[in-house]
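[1] Fold the stuff below for me.
(3 chains)
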Amino acid sequence: MSENRTPVLDVQGLGIDFGGLTAVNEFSLQVFNEEIVGLIGPNGAGKTTVFNMLTKVYKPSRGTITFCGKNTEKMSVVEMNKQGIARTFQNIRLFSNLTVLDNVRIGMHNKISYSNFDAVFRLPKFYEQEEKVEKEAVELLKIFGLEDKKDITAGNLPYGAQRRLEIARAMATEPKLLLLDEPAAGMNPQETEELMDMIRFVRDHFRIAVLLIEHDMKLVMGICERITVLNYGMMLAEGTPEEIQANPQVIKAYLGE
Amino acid sequence: MAFLSYLINGLSLGSVYAIIALGYTMVYGIAKMLNFAHGDIMMVGAYVAFFALNSFGLPVIPSVLLAMLACTVLGVVIERLAYRPLRQAPSLAVLITAIGVSYFLQNGAQLLWSSSTKVFPSVVPAGSVQLFGGQLSISYLTIVTILICIAVMICLTLFINRTRTGKAMRACAEDKGAAVLMGINVDRIISITFAIGSGIAAIAAVLLCSTYPSLSPTLGSMPGIKAFTAAVFGGIGSIPGAFLGGLLLGVIEILSKAYISTQLSDAIVFAVLIIVLLIKPTGLLGRKISEKV
Amino acid sequence: MKKIKSFFRALFDRKVRSRTISFLIVILGYIVVEILLKSGNLSSMFQSLLVPVTCYMVAALGLNLNVGVSGELNLGQAGFMSLGAFMGVCVSGALAPVVSNTLLRLLLAIVCGALIASVFGFLIGVPVLKLQGDYLAIVTLAFGEIIKSLINNLYIGFDANGFQFSFVENKLKLAPGGKALINGPMGATGTQRIATFTVGIILVLAALIVIYNIMYSRSGRAIQACRDNRIAAESVGIHVANTKMLAFVISAALAGAAGALYGLNYSTLVPAKFDFNLSILILVYVVLGGLGNMTGTIISTIILVLLPELLRGLQDYRMLIYAIVLILMMILSNNAKVREFAESMKQKLTSRKREEAANE
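    Next comes the predicted model:
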């Protein structure tokens, strides 16, 4: 369906060693625009490690990551975000002492251009941009159903809301590719249902690609268009949800012998 | 030959720093706090030893034991009253409390024993060993200081590695939550840590005051900071690190005093510390800590 | 004109109520002190504390930005004050023949003090801010001690031919009419005392404006983001090192400005004054006032500077009591039951306010 387009993300032969241990090897993946791709695998398969390499938290030992046609070899975490990759974390990482609104406004850090001088003297430029940012942030919070909680300290939010806020914060950076690390972890079935709608809505509304790690098979099979399976740091299978569900190797990896 | 003599003097001063640093590092490793009052606990030990020797005329060994006992009790009491209520508090609150304790001990000592300087009698007979036909002379005090430091280090290592309590201490340093689940009484372990750290500080006090015999309530602050530096230098939380850091710090201090400048020796010591930390951010023998993402 | 209006509108922005409160406290304090002074009700001992208290306040406010807002423990604030103090003394001493207006000279000295401290803050920050937690703390301590030790060995003189410097040994050869500005361990002597309480208060207000306006802006949010979660901050495109540096340099600059004012308040000043204990003293103001709470810093500075003086009646016991008060305050403010009580009181107060608002 998408062979004739250039991928947003093109990963070739990615690998990383920790000491003598190879955590991930020969990992290749292509993600196209407006696609939802799932990355699954048993615990310890190296899924989060892949995310950490894609965002340059870890420096890959081998392989290339091409994002929007650019080689990202020398880029740092900050630069990867500026290029358009945003992520959430498996063990939620919010700015927990700040308000919900501030969390999203921090996501808009690089959209603001007034200087510290403008800020100290509260020049009109400061107010213009702050008003704009606040309006945009509230818009974004509305999408994630957090608008009425905007003045609450992020650390005091219920678990599900924290996960949604993390997505909202990532979206505030206006990414082209959103990486979600176990977005449904700790959610009840109803919340997961809502999350699935939300991910689809985000993809359609912002016209971005989504790559997600998830253990909840209902979510993965329900919204992903393609799935990559990782086992012991190696790619085990790749294909549509139907193909993956029918793949005997995948079943073996999940259920054992 | 002069260099060798400076080196040995440096090792002797470093031994004192190392013993104080051991107390710092043990408390840090297990209670995860910077006990800024450690140097002042040492100061109290020096006064107790002074009065035992001078006023009660006790022999050296019982005097030192008495000072150790006093410091041990003091350390445990301070931990129980001031630090234990703050077990769950942010580390800065604990730091400020430790500073409060330090003020308390200094001012308490000033009230009890006045701020005027007292002359501490050496616990080691004067005299020296002559080597290389008299070219190199090492005082008995220097030899005793270095030997005692090595002995303390060996005893401590054996205690930590061989005894049940030592194992429990290592478990607490690793993961307090898991230690509790294994049935270790963490509060008791922390008390023991304070007891040992404070007790050996008394030994350092006697050795330090025998070398630099002026006794005053602020006696502990500079060696305290230096020992803290030594502990970080070697990698805070690491016992061999504190030993190594202490010795190196003493050697660097004496050598820079001898060859570069007396006035600038402190600046040089701290500059070396900064350089080491920039090359090895967790100190010489410290473990690398990386955050799991 | 529009810009000036915008600036003043900000001072009473309703969204930043704590800023308005701190301003009012400082201004009110100033008025009270001035009334007491005019009516002759302030003892000379308290009068002598007026300028130092504003200096400590400014240094503590800066440190709170560094420790409370940015979350990096800094044990070397006295070092930056020292740089500012001796720079200020030199500037004022050198300009004395040229600039006769003492107020202008004082302001120039303060600006230069802030400048040198921020330059050093930047130079020190480059390597230091790579370290984390307690390691960063010990390195700031080490830098504070190094600065003290260096100034202790510094000799600066000024004569018709300009400045003369010498290090470790005093080799100054001053022409007649020349003046030694810094004299190694003796420090600065014969300084003209041009610091005033009014300038001190203006400096406090300026510090508050800088800190609050940075805190509630793009950079301030980034600083807090880096404190709360470094990895997440990077993941949304925030440059952590630059952000931490901003807080560190502002903190140093404020300490330098405070130091300059402090230095020009005494006719003699020794480098040993700016030691580890002073850094700790300022840190205590910050922690007791509450991390990130600027109003708290102002109040705790006033209380803790006055406390030993108020306890003077107890003579020898005053520092002992000070230490006990410090320990008790820390234990009580971190006690779960006391906290619960404070929370419930706060809730009662806010709910009452809401009710009142609803009734109106």
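[2] okay, CA-based contacts and neighbour counts for the rest of this
    Noted.
[3] which residues of the stretch 51-200 of chain B fall in helices?
    Taking DSSP state H, counting those that start in this stretch to define them, one finds helices in the stretch 51-200 of chain B at B:60-78, B:91-113, B:140-162, B:164-174, B:176-181, B:186-211.
[4] Which one, of these, ends up nearest to chain A?
    With respect to chain A, and counting by C-alpha to the nearest C-alpha, the nearest of the helices of the stretch 51-200 of chain B is helix B:91-113 at 16.9 Å.
[5] Just give me how far the closest one sits from the chain centre.
    Its chain's average C-alpha position is 17 Å from that of helix B:91-113, according to C-alpha atoms, centre = their mean, to the nearest Å.
[6] Show residues contacting stretch C:308-318.
    B:111, C:319, C:322 (C-alpha atoms under 8 Å, 6 or more residues apart in numbering or on different chains).
[7] OK, contacts around the second one?
    So the one you mean is residue C:319. B:103-104, B:107, C:308.
[8] Just give me the least confident of those residues.
    Least confident of those in the model: residue C:308, at 79.
[9] What is the nearest of the contacts of residue C:319 to residue A:45?
    The shortest approach to residue A:45 among the contacts of residue C:319 belongs to residue B:103, at 54.2 Å (C-alpha to C-alpha).
[10] elements contacting the longest helix seen in chain C?
    When chain C is parsed with DSSP state H, its longest helix is helix C:102-128. Secondary-structure packing of helix C:102-128 (3 or more C-alpha pairs under 8 Å, 6 or more residues apart in numbering or on different chains; DSSP states H and E): helix C:77-95, helix C:133-152, helix C:240-263.
[11] neighbours of the residue in the stretch 51-200 of chain A positioned nearest to chain C, just the number please.
    Proximity of the stretch 51-200 of chain A to chain C (C-alpha to the nearest C-alpha) peaks at residue A:78, 4.3 Å away. Residue A:78 has 20 neighbours, counted by other C-alpha atoms under 10 Å in any protein chain shown.
[12] do residue B:150 as well
    Counted with other C-alpha under 10 Å, residue B:150 comes out at 16.
[13] That one and residue B:23: what is the separation?
    Taking C-alpha to C-alpha, to the nearest Å as the criterion, residue B:150 is separated from residue B:23 by 15 Å.
[14] that older thread, please tabulate the helices of the stretch 51-200 of chain B in CSV and include distance to chain C as additional columns.
    Formatted as CSV, the helices of the stretch 51-200 of chain B follow (distance: least, C-alpha to the nearest C-alpha, whole Å):
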stretch, distance to chain C
helix B:60-78, 11
helix B:91-113, 5
helix B:140-162, 24
helix B:164-174, 16
helix B:176-181, 19
helix B:186-211, 17
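[15] how about those, which one is nearest residue A:147?
    Here helix B:91-113 is closest among the helices of the stretch 51-200 of chain B (C-alpha to C-alpha), at 34.8 Å.
[16] who's in contact with the closest one?
    B:33-38, B:40-41, B:44, B:78, B:82-83, B:86, B:115, B:217-218, C:280, C:284, C:287, C:316-317, C:319-320, C:323-324, C:326-327, C:330-331, C:334.
[17] One more: stretch C:149-168?
    B:263-264, B:266-267, C:94, C:169-170, C:172, C:174-187, C:271-272.
[18] what comes up buried for that stretch?
    C:149-159, C:163-164, C:166, C:168 (16 or more other C-alpha atoms under 10 Å in any protein chain shown).
[19] Residue numbers of the stretch 101-250 of chain A in contact with chain C?
    A:102, A:106-107, A:109-110, A:112, A:116, A:119-124, A:169-170, A:173 (C-alpha under 8 Å from any C-alpha of the partner chain).
[20] Let's see that with 10 Å instead.
    A:102-127, A:129-130, A:166, A:169-175 (C-alpha under 10 Å from any C-alpha of the partner chain).
[21] quick one: secondary structure of residue C:164?
    Following DSSP: H, G, I helix; E, B strand; the rest coil, residue C:164 is assigned to strand.
[22] Report the central residue of chain A.
    Nearest to the geometric centre of chain A sits residue A:179, at 1.7 Å (C-alpha atoms, centre = their mean).
[23] Tell me which helix or strand residue 12 sits in.
    I'll assume chain A. strand A:9-18 (DSSP states H and E).
[24] I was thinking of chain B, sorry if that wasn't clear
    Taking DSSP H and E as the definition, residue B:12 sits inside helix B:2-31.
[25] And that helix, what's buried?
    Quick answer for helix B:2-31 (16+ other C-alpha under 10 Å): B:6-31.
[26] tell me the angle of it relative to helix B:186-211?
    160 degrees (axes from the mean of the first three to the mean of the last three C-alpha atoms, to 10 degrees).
[27] helices and strands around the lowest-mean-pLDDT helix or strand in chain B, which ones?
    Each helix and strand of chain B was given a mean pLDDT (mean pLDDT, DSSP states H and E); the minimum falls on strand B:128-131 at a mean of 82. Contacts defined by 3 or more C-alpha pairs under 10 Å, 6 or more residues apart in numbering or on different chains; DSSP states H and E place strand B:128-131 against strand B:136-139, helix B:140-162.
[28] would you turn these into JSON lines with distance to residue C:101 and mean pLDDT?
    Shown next, in JSON lines, are the helices and strands packed on strand B:128-131 (distance: least, C-alpha to C-alpha, whole Å; pLDDT from 0 to 100):
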{"stretch": "strand B:136-139", "distance to residue C:101": "62", "mean pLDDT": "86"}
{"stretch": "helix B:140-162", "distance to residue C:101": "60", "mean pLDDT": "94"}
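[29] out of the ones you listed, which comes closest to residue C:26?
    Short answer: helix B:140-162, nearest of those by C-alpha to C-alpha, at 54.4 Å.
[30] any idea of the angle that closest one forms with helix B:164-174?
    Angle, helix B:140-162 to helix B:164-174, by the same axes, to 10 degrees: 80 degrees.
[31] No further questions, thank you.
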